[in-house]
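S.K.: here is my input, please return the structure:
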Amino acid sequence: MFKEVVTIFEEYQSAAVAILDARTGFVIYGSAEHQLMYPASTTKVMTALLVLEHVENLHEPMIISEEAVLALPSYASRMHLAPGDVMTVYEALYGLMLPSGNEVANALAERVAGNVNNFVALMNHRAQQLGATNTRFVNACGLPGDGQHTTAFDMSLIMREAISHPIFNRIISTPFFYVAPTDGLPEGRNLRNTNRMIHFDEPSFNPWVIGGKTGFTNAAQHTLVSYAQRGEHEVIVTVLYAPRLATFSDTNILLDYVFSLPMVSVFEAADHIYQIPVIENINGEPVTTGTITAIGNQNLRIPFLGDIPLRSEAYIPSYLSPPILIGDVVGHKAFYSNDIFVGEVELISTNSILHQLALVGQQRDNSVSGTLSFDAFTQSLSFFPFLAMMPIATVTIFGVFLVMIRRYRRMLRQRKRRAGYVRAEYNKYYQ
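M.R.: A predicted model of the protein is given here:
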């Protein structure tokens, strides 16, 4: 994608690669990025994502089932848990992402969906939602299976969604994590992250890499999806079907390239201000009651890839209906290059307009327009709701008064007790 303006000056060995802008999802570079490939343990990114989306309390305990452990082939990577072991979901996520424990993947799948098959259905449904339409999972861990495949582009999309969870980023950026003793690990275990790019003592270490997920099977060879940030650049790099250790060197090559690209502006929020009228039906007639000023919620900048054509599609309504509050999304603007999505900006309201309220006993002049002020709003309230609020206010004030009196009396009692204690101690030692 954009190969006519993109040049990688150093050869990489991976069969399929993709670089995505993490903020917008824009494909900065791709080679065979839509080719069907085996994912291996990069599958666990989706497993972790679903756990974070479905489990509210990550510190609740979970029991490792016999099926989760014994259903794996002997060559599968493990955390070495035993059936019946108990650990928190939080600990299990580290066991999933650092040593790539396949039994942990099965156990988490059971925790979320009851069994692995149900969980796989969730995985495939979520992949479609994210636009990863060339991905199909058959298990929760990434071991070879009939029909299991993904693409470098799809895996980047899944990673992009996963990094929206701060806990996920904390996990993948952790070099080591200690797990308390279990039956399978009676002395506990210090888990080491298989991603060499976050270990200071490794030749592949890259200080800009926040984290990622490695993978390997004979069918998939070596795979890696990474999340990195440097200055304005925030990217996801996926490399699939690479020789041993080449995933790390290839990722460094691709990061060196993308970080060398200057950033260019596609949309500057301060340069685009939109005025949208607010129309309300008052006494059966449409009346303009004010104007909403909308601006973009962010500046949109992308790496410079040459003179590529850009076009925008804006949804800006011809009018709005109240109530509109500050910060409400009132429209959006999307940007494309050669029909390829580049990014999107939401248009948000910078002011509020509430419903115009008819004054009691009066006919509102329909020619009046403008933003309803707070004074006009309070004056337009009827007298009866005000009366209804008075008993509530009175009871509230009285309650606060009683609490203050009780606290004052308690303070006096405490002072008397302290004074009595002091006198007793004095008499004990000095009389």
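
S.K.: quickly note the distance from the residue positioned nearest the centre of the chain to residue 130.
M.R.: With distances taken as C-alpha atoms, centre = their mean, the residue of the chain nearest its centroid is residue 164 (2.0 Å). Using C-beta to C-beta, to the nearest Å, one gets 11 Å for the distance from residue 164 to residue 130. For the C-beta atoms, the positions are set from N, CA and C on the backbone; glycine is no exception.

S.K.: before we move on, the earlier item: over to the residue nearest to the centre of the chain. Which of the three states is it?
M.R.: Here residue 164 is recorded as coil under DSSP: H, G, I helix; E, B strand; the rest coil.

S.K.: which stretches of the stretch 101-250 of the chain have low pLDDT?
M.R.: Scanning the stretch 101-250 of the chain for pLDDT under 70 picks out no residues.

S.K.: and the helices in it?
M.R.: With DSSP state H, counting those that start in this stretch as the criterion, the stretch 101-250 of the chain has helices at 102-113, 116-129, 152-162, 166-172, 246-259.

S.K.: residue 351: which of those is closest?
M.R.: helix 166-172 (31.6 Å; C-beta to C-beta).

S.K.: how is this structure divided into domains?
M.R.: Following automatic domain parsing, the chain resolves into domains at 16-261, 267-372.

S.K.: please identify the deepest-packed of the ones you listed.
M.R.: Across these, averaging neighbours per residue (mean count of other C-beta atoms under 10 Å) puts domain 16-261 on top, at a mean of 20.

S.K.: point out where the stretch 251-400 of the chain drops to low pLDDT.
M.R.: Residues of the stretch 251-400 of the chain that meet the cut-off, pLDDT under 70, sit at 356-400.

S.K.: what sits against residue 195?
M.R.: Counting by C-beta atoms under 8 Å, 6 or more residues apart in numbering, residue 195 touches 172, 209, 211, 212, 213, 214, 224, 226.

S.K.: show me the contacts for residue 124.
M.R.: Contact analysis of residue 124 by C-beta under 8 Å, 6+ apart lists 135, 136, 137.

S.K.: now those in a markdown table, with distance to residue 290?
M.R.: Listed next are the contacts of residue 124 as a markdown table, based on distance: C-beta to C-beta, whole Å:
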| residue | distance to residue 290 |
| --- | --- |
| 135 | 47 |
| 136 | 51 |
| 137 | 51 |
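
S.K.: closest to residue 90 out of the residues you listed?
M.R.: residue 137 (23.4 Å).

S.K.: measure that closest one to residue 48 for me?
M.R.: Using C-beta to C-beta, residue 137 is found at 13 Å from residue 48.

S.K.: roughly how far apart are residue 144 and residue 219?
M.R.: From residue 144 to residue 219 the distance is 5 Å (C-beta to C-beta).

S.K.: which residues do those two both contact?
M.R.: Joint contacts of residue 144 and residue 219 (C-beta under 8 Å, 6+ apart) are residue 38.

S.K.: residue 196 contacts residue 211, doesn't it?
M.R.: No. Look at residue 196 against residue 211 with C-beta atoms under 8 Å: they stay out of range, at 11.7 Å.
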